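Quick check, what structure comes out for this input:
(one chain, ligands or ions: 1)
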Amino acid sequence: MQHKHEAMAVGASPRTERIRSNAEDQCHADEGPQALELEHVEQTPFYTPVYSRKYVWTCVLSASIGGILFGYDTGVISSALVLFHSDLGHPLDNAEKQLLTSLTGGGAFVGALLAAFVTDAVGRKMVIGIGCIWFTVGSVVAASAYSVLLMGIARFIIGVGIGFETMITPIYIAELSPSSLRGRMITIYSMAVTGGQALAYAGGTIFSHVDLGWRYLFALGALPALAQVALFPVYPETPRHLIYRGRIEDSVVVLQQLYPRSPPSDIQRLGQIIREDVNHSVSFDQGARRLMWSCKQLWLVPSNLRSLISACGLMAVQQLCGFNSLMYYSATLFAAVGLTNPTAASLIVSGTNFFFTIVALFFVDWGRRRMLVWTLWGLPLALAMAAVAFSHIPLNSALELQGEAPSWAKALALASLSIFVSFYAIALGNIPWTANELLALEVRALGTSLLTMVCWGCNIIVSATFLSLVGRLTAAGAFGLYAGLCFAGWLLVIFTYPETAGLGLESIREIFKDGFGIRFANQRQRTRRHGSHSRM
Ligand SMILES: O[C@H]1[C@H](O)[C@@H](O)[C@H](O)[C@@H](O)[C@H]1O
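Numbering: from 1, shown residues only. The predicted structure follows:
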């Protein structure tokens, strides 16, 4: 009832009022027992030998190649900038360097928006393919570029590919995975991202000794895209999308492949539950899958809006915590604190990030909210330590050391930044990519597109302002500011991010019906655990 008043207060038309209240009624329908049943069916393979899950792992690993592309192409620019010399017509000035770095973020922002227009129409798998085309074309143009303009165009094209890929791969994986493994499988994708970044830094070290090495670096970026296209026949369209398009028989075949050990009755029931959820979304669709309609669903249905705030809020925290400033400027920062091999120093950041993403793999299905709440406090603490350290290290706005710095401050700077990366990678670095699971099917494509745009919008803000922040506030002030933002992010998570680990995608919409559902979700987790104990 309260929601009706909310909508009236903003002057909703009778039609939008109808849309909203339909959705509310559906959300309040009794989904509890059915949702638990779905989770039970999806968990069946969990108790069966690993080889029976081979197919789902093959699909997830094939899709995760997109993560390698994302990581490699965002990481490669920092090495390439050092290797360009005058190969693009003249030595690059700072503005050109910043432009070539941020154009990828701009392209990704546009790509995520474009992907929203096509995802429901052409399917999840096809969008992965479209992303690969952008990556391949962008890599070829970048490898053969001879001017800043051409390189700029190439970086933008690669960015569009990243936008497509970051929008679709997490949805694709979430829709294919059994709920008990969903977090872990999306974390495989995050591992691919951080692994791709580490590969880019390693490649940068190797090709720094090769004439025109940057051309090889960019050309190599096309290989994962081509590999993903080659694997196209191996991975299927998601059952949820197939059902959405009315291809029921195809969806049953895919479900059978995904759950080979489940009895046919379980497969049938799973298909039926997904179908009911899809019918529920399509019935709102009124026959026209128009973006405007999805927008209204997202903004005017309070439960959808709340899930969007939760998901996008967490993604904003991931980017605004300042991690990517460290990623892009780590070499320069570490050089300032006395390390002699800057590329190897960058490998410390990307390697630590990769390592702790692997650690995250073991905890993410234990609890997303739990992991976030237990680790996020470490970020402001580590950044506050970094702020203390850098207040004794005199740097100018180009991050060059101006004078002497005490060795304890240098050691503290190194230690605090390493602690920061570890705490970041174990939860905040990957959980926001699982957040599309918060969105109901009828708004998942558009909502995930917005989620991805928040990621890239905030990414551009952080990467384009770090040096100016250091200029205005000093490095200590910049780290202090990030510490404040991280602390605010921790509070945001505590109040708005419910626990979703182990819940079926079709049951998550229920959580947001009366608020951010923190208590409700905890209660669901208890019931679920109790249910699975009593089944065992
Ligand atoms: O999840 C990824 C990962 O943490 C990367 O290391 C970071 O560069 C990206 O911005 C983030 O979205």
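
C-alpha only now, for contacts and for neighbours.
Noted.

List the residues that contact residue 351.
By CA atoms under 8 Å, 6 or more residues apart in numbering, the contact list for residue 351 reads 195, 198.

May I ask which helix or strand encompasses it?
helix 342-361 (DSSP states H and E).

now that helix, how far from the centre of its chain.
Distance, stretch centre to chain centre, for helix 342-361: 17 Å (CA atoms, centre = their mean, to the nearest Å).

Spell out which residues belonging to the stretch 251-400 of the chain are near the ligand, please.
Residues of the stretch 251-400 of the chain lying near the ligand by CA under 6 Å from any ligand atom: residue 324.

would you list every one of the strands in the stretch 251-400 of the chain?
With DSSP state E, counting those that start in this stretch as the criterion, the stretch 251-400 of the chain has no strands.

Low-confidence bits of it, can you list those?
For the stretch 251-400 of the chain, residues meeting the criterion pLDDT under 70 lie at 280-290, 341-343.

can you check the chain too?
1-52, 280-290, 341-343, 529, 531-536.

for it, longest helix please?
helix 441-496 (DSSP state H).

who does the next helix or strand after that helix touch, helix- and strand-wise?
Following helix 441-496 in sequence order, the next helix or strand is helix 505-508 (DSSP H and E). If contacts are counted by 3 or more CA pairs under 8 Å, 6 or more residues apart in numbering; DSSP states H and E, helix 505-508 sits against helix 32-43.

what comes up buried for the helix or strand following the helix it packs on?
Reading on from helix 32-43 to the C-terminus, the next helix or strand found by DSSP H and E is helix 54-83. Within helix 54-83, the residues that count as buried by 16 or more other CA atoms under 10 Å are 55-57, 59-81, 83.

So which elements touch helix 54-83?
In terms of contacts (3+ CA pairs under 8 Å, 6+ apart), helix 54-83 is packed against helix 94-122, helix 124-144, helix 148-176, helix 182-207, helix 213-220, helix 222-230, helix 248-258.

In CSV: the ones you listed, plus mean neighbour count and distance to residue 384.
CSV is the format used below for these (neighbours: other CA atoms under 10 Å; distance: least, CA to CA, whole Å):
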stretch, mean neighbour count, distance to residue 384
helix 94-122, 21, 27
helix 124-144, 22, 39
helix 148-176, 26, 31
helix 182-207, 25, 25
helix 213-220, 21, 36
helix 222-230, 18, 39
helix 248-258, 18, 47
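
nearest to residue 461, of these?
Proximity to residue 461 (CA to CA) singles out helix 94-122 among the helices and strands packed on helix 54-83, at 9.2 Å.

The closest one near the ligand anywhere?
No - using CA under 6 Å from any ligand atom, we find that helix 94-122 stays clear of the ligand, coming within 10.1 Å at best.

got the angle for that helix vs helix 148-176?
If you take axes from the mean of the first three to the mean of the last three CA atoms, to 10 degrees, helix 94-122 sits at 40 degrees to helix 148-176.

burial measure for residue 526, as a count.
Number of residues near residue 526 (other CA atoms under 10 Å) recorded here: 12.

start the count at 3, not 1, going forward
Yep, numbering from 3; the last one is residue 528 now.

Now do the same contact list for it.
Taking CA under 8 Å, 6+ apart as the definition, residue 528 has no contacts.

host element of it?
Per DSSP H and E: helix 520-537 holds residue 528.

pretty sure residue 77 is touching residue 204, no?
No - taking CA atoms under 8 Å as the definition, residue 77 is not a contact partner of residue 204, at 10.0 Å.

In the stretch 153-302 of the chain, which residue sits closest to the ligand?
With CA to the nearest ligand atom, the shortest gap between the stretch 153-302 of the chain and the ligand falls at residue 196, namely 5.0 Å.

Identify the residues contacting that residue.
70, 73, 352, 355-356, 359.

can you list these in JSON lines and add distance to residue 475?
Shown next, in JSON lines, are the contacts of residue 196 (distance: CA to CA, whole Å):
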{"residue": "70", "distance to residue 475": "35"}
{"residue": "73", "distance to residue 475": "30"}
{"residue": "352", "distance to residue 475": "26"}
{"residue": "355", "distance to residue 475": "27"}
{"residue": "356", "distance to residue 475": "31"}
{"residue": "359", "distance to residue 475": "32"}
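
Among those, which one lies nearest to residue 249?
Taking CA to CA as the measure, residue 249 sits nearest to residue 70 out of the contacts of residue 196, at 31.1 Å.

I'd like the distance from that closest one to the ligand, if you could.
According to CA to the nearest ligand atom, to the nearest Å, residue 70 and the ligand sit 11 Å apart.

sorry, back to before: for residue 313, which of the helices and strands packed on helix 56-85 is the nearest?
Nearest to residue 313, of all those, is helix 150-178, at 13.0 Å by CA to CA.

thinking again about what came up before, could you see whether the ligand lies near the longest helix of the chain?
No - using CA under 6 Å from any ligand atom, helix 443-498 stays clear of the ligand, coming no nearer than 6.9 Å.

hang on, the earlier thing: and the helices and strands packed on helix 56-85: which comes nearest residue 314?
Taking CA to CA, helix 150-178 is the member of the helices and strands packed on helix 56-85 nearest to residue 314, at 12.8 Å.
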